[in-house]
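K.L.:
With the sequence up front, the predicted model follows.
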Amino acid sequence: MTTVAPDTDTDTDTDTALPARPIDPARFTDESTYRHTRRPVELASTLIPDAYSAPEFFALERERVFTTSWVAVGCVSDVDRPGACVVVDVAGRSIFITRNRHGVLRGFHNVCRHRATKLLDNDARDVCHRGRIRCPYHNWTYDTDGACLGTPLFEGSDIPAGQESIFDTSVAKGFDRADYGLLTVAVESWGFLLFVNLSPDPTPLATQLGDLPRRFADYRLDEWLPQRRRTYDVAANYKLVGENFMEYYHLPWVHPELNEVSKFSDHYRWQGTGMYTGMCTTPVSRNTDAGGWDGLRPLSSLGEQDADSGRFVWLFPSTALVVLPNHAFVLFSRPVGPNRTVETAVLLSHPESLEGPGAADGLEQLDKFWDLVNRQDLKIVERVQEGIENPAYRGGRMCFRFEEPLHRFQNMVIDKMVGIDRVPEGDEDTMTRMFPDP
Ligand code: FES
Ligand SMILES: [Fe+2]
């Protein structure tokens, strides 16, 4: 009788053999761990499966990717006046974004400088108290520039007359409120998107975005407003959500309805320099009985190509951005664990697209269509997560025709994990056919 040994390859980790799992977490920041994904796309294997399942990878990725990148966290219109605010979570840190009295965006860690109390609730929409942020614990108070304005009963000036002996402050030495302002976080915006960067000395957002502002110039994205929002709790790693968004290989099998309105042959690579992956569909697909993207009036400022295209961009590290001539759809993916992601979906439009009769029905239909498509995506992505947690799986080959964007994205993640600061290049062309005409 012949015994057939399983294909383990543990000791013959040659260039073609994928490493056995689990990989030693000490190697997650080592370039050689990723050599199979560093190959040219037509030879490359996918990112190591532990990147989607290991708590140690998740912890390192939080620091190396999410504290060193501009992360899209919400919409500019959520912070539309001095004192308005949003509370967001980046790399497990609670942060709030507001505007100071001059209307300038400001970002702060949501933590009091006294004994660290979380200052604002997650659903706060206003910093409260006439532009003052007050700590609920001992009432330390800050302004919207983060300056510490009040530390009750600490310095003596506000001690009620006659009670000086009770509140003796003579031992509070070397204290200056100026040293206890809120801890700042860099904030910038592009179009309708708000970004934060936890790095103490970040490169400008423009460097990360590359040529995207130029590509989207005619869309006047800063004028678009959120119309609908939904939240999805996803049992999968955020990168699987992104990688699914970047390829349309799965269209016929996962989205039969979408496949009726969006043909393989209408897809192009739409990729310039920048920390993003981009593709487009031209012409933009028309509705069928199963749904579609018509229903609102297209923006009038668009040139011929923009007016007939759908733009699909994954903004590194965690945001999907779809812009069509009459609406936009954004997915903010917030990683909360190696196998869990909270997704906030926002449907936006330019006010011009809401003019005229039928706009309410159009929005309703778009909201339903996107919800259908997104649920189909999440269902399959969760199945990928189940599969990828099986240690027998060591990685797979990329289907190079369709999965070049995944290769680009995974290499951006690897760069960050091993400490390389690099913005990938792209094409000069604004449209590159994935499948040459026969
Ligand atoms: S912890 Fe905020 S005032 Fe004491
Ligand atoms: Fe999909």
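P.N.:
Looks like it came in fine. Numbering: from 1, shown residues only. Ligands and ions are numbered 1, 2, ... in the order given.
K.L.:
Longest helix of this structure, counting residues only.
P.N.:
helix 359-388 (DSSP state H).
K.L.:
how about that helix: buried residues?
P.N.:
359, 362-363, 365-367, 369-370, 373-374, 376-378, 380-381, 384-385, 388 (16 or more other Cβ atoms under 10 Å). Where C-beta positions appear, they are placed from N, C-alpha and C, glycine not excepted.
K.L.:
Which positions in the stretch 51-200 of the chain make contact with ligand 1?
P.N.:
112, 114-115, 117, 135, 137-138, 140 (Cβ under 6 Å from any ligand atom).
K.L.:
likewise the stretch 201-350 of the chain?
P.N.:
Counting by Cβ under 6 Å from any ligand atom, the stretch 201-350 of the chain has no residue next to ligand 1.
K.L.:
show me where the stretch 201-350 of the chain has strands.
P.N.:
225-234, 267-269, 276-281, 310-315, 319-323, 328-337, 340-349 (DSSP state E, counting those that start in this stretch).
K.L.:
ranking these by burial, who's on top?
P.N.:
Most buried of the strands of the stretch 201-350 of the chain, by mean neighbour count (mean count of other Cβ atoms under 10 Å): strand 276-281, with a mean of 25.
K.L.:
what does the domain assignment say about this structure?
P.N.:
Domain ranges of the chain: 71-186, 210-433, per automatic domain parsing.
K.L.:
right, so those domains: which one is the most enclosed?
P.N.:
The most buried one of these (mean count of other Cβ under 10 Å) is domain 210-433, showing a mean of 18.
K.L.:
can you give me the end-to-end distance of that one?
P.N.:
End-to-end distance of domain 210-433: 21 Å, with Cα to Cα, to the nearest Å as the criterion.
K.L.:
Quick check, pLDDT for the residue nearest to G103 when sequence neighbours are not counted.
P.N.:
Of all residues not flanking G103 in the chain, P82 sits nearest, at 5.9 Å (Cβ to Cβ, 6 or more residues apart in numbering). As summarised for this prediction, P82 has a pLDDT of 94.
K.L.:
likewise the one 3 residues further on?
P.N.:
According to the per-residue confidence, C85 scores 96 in pLDDT.
K.L.:
Might one say that it is in contact with V79?
P.N.:
Yes - between C85 and V79 there is a contact at 6.3 Å, judged by Cβ atoms under 8 Å.
K.L.:
anything in contact with each of the two?
P.N.:
Counting by Cβ atoms under 8 Å, 6 or more residues apart in numbering, the shared contacts of C85 and V79 are 97-98.
K.L.:
what's near enough to touch the residue nearest to S53 when sequence neighbours are not counted?
P.N.:
Take S53 and drop its neighbours on the chain: the residue closest to it by Cβ to Cβ, 6+ apart is E389, 4.9 Å away. Neighbouring residues of E389 by Cβ under 8 Å, 6+ apart: 52-53, 339.
K.L.:
now do G356
P.N.:
So G356 contacts R297 (Cβ under 8 Å, 6+ apart).
K.L.:
what stretches of the protein score poorly on pLDDT?
P.N.:
Applying pLDDT under 70 to the chain flags residues 1-16, 128-129, 154-160, 163-172, 285-292, 430, 434-438.
K.L.:
Mind jotting down where the helices sit in it?
P.N.:
Under DSSP H, the chain gives helices at 35-38, 55-64, 205-209, 212-215, 238-246, 251-254, 256-261, 359-388, 400-418.
K.L.:
Restrict the fifth one to CA atoms and write it as PDB.
P.N.:
C-alpha atoms of helix 238-246 as PDB (Å, rounded to 0.1, in the frame of the first residue of the first chain):
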ATOM      1  CA  TYR A 238     -11.900  45.100   5.800                       C
ATOM      2  CA  LYS A 239      -9.400  44.100   3.100                       C
ATOM      3  CA  LEU A 240     -11.800  41.500   1.700                       C
ATOM      4  CA  VAL A 241     -14.500  44.200   1.500                       C
ATOM      5  CA  GLY A 242     -12.000  46.300  -0.500                       C
ATOM      6  CA  GLU A 243     -10.700  43.600  -2.700                       C
ATOM      7  CA  ASN A 244     -14.200  42.500  -3.700                       C
ATOM      8  CA  PHE A 245     -15.000  46.200  -4.600                       C
ATOM      9  CA  MET A 246     -11.900  46.400  -6.800                       C
END
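K.L.:
my guess is V373 meets N259, correct?
P.N.:
No - using Cβ under 8 Å, V373 makes no contact with N259, being 10.6 Å away.
K.L.:
ranges for the strands of the stretch 51-200 of the chain?
P.N.:
71-75, 85-90, 93-99, 105-109, 132-134, 141-143, 148-150, 184-190, 193-197.
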